[in-house]
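Peer 1: please work out how this folds:
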Amino acid sequence: MNLKESIRRILREESNIPKVIARRVTLDELDKIFERSLDENTEDYENPLSIMYGASYKTFAKFVIDIMISELEGNFDIPYINDEDEYIKKYREPLLRHYAPIIKDRYMDITSNNVDESVLREETNPIARRIFRRADQKKLDKIFVDGLGIMTARYLQNQHNWHAMTFNKFKQTIISYLIVDMCTKYTDICFGTEDFYDRVWEFMSNYYSDRIEERWEEIKPK
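Peer 2: Got it, this is the predicted structure:
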């Protein structure tokens with residue numbers, strides 16, 4: 001091992017990078033994965049059609065790290081951790097500490113806001129993490145957009161039969177379409193107790209409520 005590699009090994013051991021990751025991924029590879037995730041989430045933050053649009057710093061930072069970890073799990077044989085608390089402790093928190101200054105700079109660039117890094121200590125929604133560690137955000141958004149378009153077309157074509165349609169019913173129909181399609185494409189997301197399904201429903205309803213309401217305002221009977 002040459003001097004450069006020895007120095008890099010020492011720096012790696014003293015860094016916040018989890019050892020299980022450091023043993024499998026070089027620093028250059030890890031930085032490239034991080035940069036891809038950072039750029040992808042920046043695009044989503046600025047895209048009005050993305051669920052990441054206008055996200056808080058806490059959400060933005062966690063999604064950057066979680067998408068990064070998903071790539072590590074898929075391409076570098078990093079062990080998958082299903083337990084939420086263990087995942088946060090072993091993977092997310094160390095990587096957040098390591099990359100927080102860069103994430104903070106990027107977030108301030110795109111929002112012109114100062115941020116408080118202490119918010120990163122708050123836990124994210126476990127339902128959100130379970131969904132987005134398995135389903136690509138853009139693909140999930142596409143399912144939503146498809147469902148929104150299909151249900152809008154059906155409503156407009158059958159408006160005389162759907163005179164009793166309300167916003168809540170319209171929203172329920174679209175969220176049902178989204179969840180069924182998501183569970184068909186990503187079967188490992190949709191298992192658990194009845195309470196789990198209720199929480200998925202609540203999460204999806206909250207995420208997409210504003211966009212569904214905008215569409216309803218456009219098509220509802222005047």
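Peer 1: quick one, domains of the protein?
Peer 2: 3-124, 137-219 (automatic domain parsing).
Peer 1: let me have these in CSV, extended by mean neighbour count, mean pLDDT and distance to residue 131.
Peer 2: All C-beta spots, glycine's among them, are computed from the backbone N, C-alpha and C. Shown next, in CSV, are the domains of the chain (neighbours: other C-beta atoms under 10 Å; pLDDT from 0 to 100; distance: least, C-beta to C-beta, whole Å):
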stretch, mean neighbour count, mean pLDDT, distance to residue 131
domain 3-124, 16, 78, 10
domain 137-219, 15, 79, 6
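Peer 1: packing partners of the helix ranked longest in the chain?
Peer 2: In the chain, taking DSSP state H as the definition, the longest helix is helix 194-219. Under the contact definition 3 or more C-beta pairs under 8 Å, 6 or more residues apart in numbering; DSSP states H and E, helix 194-219 sits against helix 126-132, helix 137-157, helix 167-185.
Peer 1: helix, strand, or coil at the closest residue to residue 94 other than its chain neighbours?
Peer 2: In space, and not counting its chain neighbours, residue 94 is closest to residue 16: 4.4 Å by C-beta to C-beta, 6 or more residues apart in numbering. Classification of residue 16 by DSSP: H, G, I helix; E, B strand; the rest coil places it in coil.
Peer 1: how close does residue 16 sit to residue 137?
Peer 2: Distance of residue 16 to residue 137, computed by C-beta to C-beta, to the nearest Å: 25 Å.
Peer 1: does residue 213 touch residue 167 like I think?
Peer 2: Yes. Residue 213 lies in contact with residue 167 (C-beta atoms under 8 Å); the separation is 6.6 Å.
Peer 1: let me see the contact set for the residue nearest to residue 94.
Peer 2: Residue 16 makes contact with 94-95, 97-98 under the criterion C-beta atoms under 8 Å, 6 or more residues apart in numbering.
Peer 1: as CSV, those residues with distance to residue 155 and secondary structure would be great.
Peer 2: Formatted as CSV, these follow (distance: C-beta to C-beta, whole Å; DSSP: H, G, I helix; E, B strand; the rest coil):
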residue, distance to residue 155, secondary structure
94, 48, helix
95, 45, helix
97, 49, helix
98, 49, helix
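Peer 1: now distance to residue 87 too, for those, in a markdown table please.
Peer 2: As requested, the contacts of residue 16 are exported to a markdown table (distance: C-beta to C-beta, whole Å):
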| residue | distance to residue 87 |
| --- | --- |
| 94 | 11 |
| 95 | 11 |
| 97 | 15 |
| 98 | 16 |
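Peer 1: nearest to residue 55, of those?
Peer 2: Using C-beta to C-beta, residue 95 comes nearest to residue 55 of the contacts of residue 16, at 18.1 Å.
Peer 1: ok, the closest residue to that closest one other than its chain neighbours to residue 174 distance?
Peer 2: Leaving aside its sequence neighbours, residue 95 sits nearest to residue 65 (C-beta to C-beta, 6+ apart; 5.0 Å). Between residue 65 and residue 174 the distance is 30 Å, computed by C-beta to C-beta.
Peer 1: next one: residue 42
Peer 2: Residue 42 sits 28 Å away from residue 174, going by C-beta to C-beta.
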